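**Q** please work out how this folds:
(chains A and B)
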Amino acid sequence: MRGLYFIAFKSILIKEITRFTRIWIQTLLPPAITMTLYFLIFGNLVGSRIGEMGGVSYMEFIAPGLIMMSVITNSYSNVASSFFSAKFQRNLEEILVAPVPHLVMIAGYVAGGVARGLLVGLIVTLVAMFFVDFQPQHPLLVVLTVFLTSMLFALGGLINAVFARSFDDISIIPTFVLTPLTYLGGVFYSLSLLPDFWLGVSKLNPVVYMINVFRFGFLGFADISVTTSLIIIGFFCVALWGIAYYLVSRGIGLRS
Amino acid sequence: MTKSLALELDNLKKTYKGGVEAVKGINLQVEEGDFFALLGPNGAGKSTSIGIISSLVHKSGGKVRVFGLDIDDHLEQAKLCIGLVPQEFNFNQFETPLQIVVNQAGYYGVPRAEAVKRAEKYLKQLDLWEKRNAAARQLSGGMKRRLMIARALMHNPRLLILDEPTAGVDIELRRSMWEFLKEINAEGVTIILTTHYLEEAEMLCRNIGIIDKGILVECTSMKALLAKLDMETFVLDLEQAIESVPQLGGMEGRLLDATTLEVDVAKAQGLNAVFAALTQQGIEVLSMRNKTNRLEELFVELVENAKGGKA
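**A** Numbers count the residues shown, from 1 in each chain, chains lettered A, B, ... in the order given. Down below sits the predicted model:
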């Protein structure tokens, strides 16, 4: 059955990639425009008055965070909207009636989210290169972090979609949870600027660790230990895989 | 020689959250190669039973075996044997027919190159090849129904379950779909069909099960079921107007209008007695038709009996 599982996984992935590339105006273009505006306004106009942060120009400082922000948002929203739409329009039944194990179904959707996250990450990196001249200091770490983060938020999107009963439900988490966590995750400032109390609070935010290790990969410096950050990201990945598998295998929100 | 069973339901039960008992212990056997009709009024439990067989609905009790494979122990192997055509359109309306059927084959482990070949075969057979690259939402209702049949056949299932496949389809298209299903059945695919068109069941199916309120009230061959019908009603168009119901050799009749006569004919008596009686009175018959579908009469009778607790 292994051959079957692989073909099934590939089919879900192709379906997902076809979906987000078909609607590229909604999925791939907006992050490029938004990030261009961020670089122009925060990086260029405001940043030129801020000066250096962490020993590099402000534009250089925010670039990794902005890339990561795009990856997080797109990985999450791809799976949340695609999985929920499939559930809502009942075309998820195409997979549910087929001999596709739950783990393969989750992997297929998550891989679709990761594919979009990585593609958007690449687009935003290319946009950033118009404004910043940077070379990743630790390229493998950059790839590992972006992959794990993308997977983690794709899983989050899937869990959100499992519970969602309306399209409103898949916009609540991005608006009220993801955006604040990302903005407060150190995209625009160094954690070293925060008073002790707020530094402690920030360390409860998992996005802080992702941006931290990603920035280290690009710029070679970090506010928090890279090892600690990777362990925390890894822990969240395992935990969300477990939750997603539990929900899907129990048929919660999927089978009556 | 006894044929092996394509489907076996053993005391199948489903109680939804909130306590609604949709299926109350159904025992059913469908032989391999059969064309089986599963009938019942709306809300009888047909779609729930199909949902359980295809693993879209959790059962509350009982056993389901598909070609001897218990779905509790061999779910994936059992799923490989089943092709499902659901009642509602459940494909992605933004995808093309080609994408829909090729992806579906992929979920069953059919390699992409082979899936494309099969897609061509089934989309051509079902007259959808010209529309293969159109968005599915642009297809007509009949095309969408045929697309779901093509999709269900992509992994060459041994058991095809169709839940009201011809609902809302015009008669010409319905007949072409019947021919297609007959061909598929002749090739050895076991077919289970639910429908509200009883003529469809009578024309296509060899065996029949009738479900009402979650209970199987009848399960027999179509021939045996129709043999139970002891009275049929015929409508006769007369050449000349008459004023009252003529003598009909002991059979009951009613005048619908001056030239239309309705006669209840007992199977034991036959139609000759009616014509003999009318000829004797100088009444000529221009044409004749059966008032209702024979199966429809039986279906109503069986369901009514079940309501009255006779079944």
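**Q** near the closest residue to B:Glu21 other than its chain neighbours, how many other residues are there?
**A** The spatial neighbour of B:Glu21 that comes closest, neighbours along the chain excluded (C-beta to C-beta, 6 or more residues apart in numbering or on different chains), is B:Thr15 at 5.0 Å. C-beta: built from backbone N, CA, C; applies to glycine. For B:Thr15, the neighbour count with other C-beta atoms under 10 Å in any protein chain shown is 15.
**Q** isn't there a helix covering B:Lys24?
**A** No - going by DSSP: H, G, I helix; E, B strand; the rest coil, the assignment for B:Lys24 is strand, not a helix.
**Q** how about it, what does it touch?
**A** B:Lys24 makes contact with B:Lys13, B:Gly45, B:Lys213, B:Gly214, B:Ile215, according to C-beta atoms under 8 Å, 6 or more residues apart in numbering or on different chains.
**Q** what ranges do the helices span in the stretch 201-311 of chain B?
**A** B:222-227, B:272-280, B:294-307 (DSSP state H, counting those that start in this stretch).
**Q** wait, which of those is closest to B:Phe89?
**A** Closest to B:Phe89 of those is helix B:294-307 (C-beta to C-beta; 26.6 Å).
**Q** and residue 33, which helix or strand is it part of?
**A** Assuming you mean chain A. When secondary structure is defined by DSSP states H and E, A:Ile33 falls within helix A:29-38.
**Q** what parts of the stretch 1-150 of chain B come near chain A?
**A** By the rule C-beta under 8 Å from any C-beta of the partner chain, the part of the stretch 1-150 of chain B lying against chain A is B:16, B:51, B:54-58, B:75-77, B:79-80, B:82, B:84, B:86, B:88, B:90-95, B:99-100, B:102-112.
**Q** return the list of helices and strands in contact with the helix or strand hosting A:Ser171.
**A** Using DSSP H and E, A:Ser171 sits in helix A:169-173. Helix A:169-173 sits against helix A:58-88, helix A:139-163, with contacts defined as 3 or more C-beta pairs under 8 Å, 6 or more residues apart in numbering or on different chains; DSSP states H and E.
**Q** pLDDT on the longest one, on average?
**A** Helix A:58-88 shows a mean pLDDT of 93.
**Q** wondering if that helix reaches chain B at all.
**A** Yes - for a cut-off given as C-beta under 8 Å from any C-beta, helix A:58-88 has contacts with chain B, namely A:Ser85, A:Ala86.
**Q** and the gap between B:Arg146 and chain A?
**A** Applying C-beta to the nearest C-beta, to the nearest Å, the value for B:Arg146 to chain A is 16 Å.
**Q** sorry, that was for B:Gly45
**A** Using C-beta to the nearest C-beta, one obtains 13 Å as the distance from B:Gly45 to chain A.
**Q** tell me the backbone dihedrals of that residue, please.
**A** For B:Gly45, the backbone dihedrals are phi 120, psi 10 (criterion: degrees, to the nearest 10).
**Q** sorry, back to before: please name every helix or strand in contact with the helix or strand following the helix holding A:Ser171.
**A** Downstream of helix A:169-173, the first helix or strand assigned by DSSP H and E is helix A:179-183. If you count contacts as 3+ C-beta pairs under 8 Å, 6+ apart, helix A:179-183 packs onto helix A:58-88, helix A:206-219.
**Q** please repeat the previous calculation with a cut-off of 6 Å.
**A** The contact analysis (3 or more C-beta pairs under 6 Å, 6 or more residues apart in numbering or on different chains; DSSP states H and E) places helix A:179-183 against no helix or strand.
**Q** which non-adjacent residue is nearest A:Asp223?
**A** A:Leu191 (4.0 Å).
**Q** pLDDT value on the one you found, please?
**A** Taking A:Leu191 on its own, its pLDDT is 86.
**Q** okay, it and chain B: tell me how far apart.
**A** Note on A:Leu191: its distance to chain B, by C-beta to the nearest C-beta, is 43 Å.
**Q** then the helix or strand containing B:Ser176 to CSV, C-alphas only?
**A** Element membership for B:Ser176, per DSSP H and E: helix B:171-186. Taking C-alpha atoms only, helix B:171-186 is exported to CSV below (Å, rounded to 0.1, in the frame of the first residue of the first chain):
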residue,chain,number,x,y,z
ILE,B,171,-35.6,11.5,-19.6
GLU,B,172,-33.4,11.2,-22.7
LEU,B,173,-30.2,11.6,-20.7
ARG,B,174,-31.6,9.3,-18.0
ARG,B,175,-32.1,6.6,-20.5
SER,B,176,-28.6,6.9,-21.9
MET,B,177,-27.3,6.7,-18.3
TRP,B,178,-29.4,3.5,-17.8
GLU,B,179,-27.7,2.0,-20.9
PHE,B,180,-24.3,2.9,-19.6
LEU,B,181,-25.0,1.4,-16.2
LYS,B,182,-26.3,-1.8,-17.8
GLU,B,183,-23.1,-2.1,-19.7
ILE,B,184,-21.0,-1.5,-16.6
ASN,B,185,-23.1,-4.2,-14.8
ALA,B,186,-22.7,-6.6,-17.7
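**Q** what pairs with the helix or strand immediately after that helix in the chain, parallel or antiparallel?
**A** Note on helix B:171-186: by DSSP H and E, the next helix or strand toward the C-terminus is strand B:190-194. Applying DSSP bridges, strand B:190-194 is found paired with strand B:35-39 (parallel), strand B:159-163 (parallel).
**Q** nearest to A:Thr228, out of those strands?
**A** Closest to A:Thr228 of these is strand B:159-163 (C-beta to C-beta; 54.1 Å).
**Q** which positions in the stretch 151-256 of chain A make contact with chain B?
**A** Those residues of the stretch 151-256 of chain A that sit near chain B, judged by C-beta under 6 Å from any C-beta of the partner chain, are A:Arg255, A:Ser256.
**Q** which residue does the stretch 151-256 of chain A have closest to chain B?
**A** Minimum separation of the stretch 151-256 of chain A from chain B (C-beta to the nearest C-beta) falls at A:Ser256, amounting to 5.3 Å.
**Q** that residue contacts B:Val57, doesn't it?
**A** Yes - A:Ser256 lies in contact with B:Val57 (C-beta atoms under 6 Å); the separation is 5.3 Å.
**Q** quick check: A:Leu254 vs A:Thr27, distance?
**A** The spacing between A:Leu254 and A:Thr27, counted by C-beta to C-beta, to the nearest Å, is 24 Å.
**Q** perfect, I'm done here.
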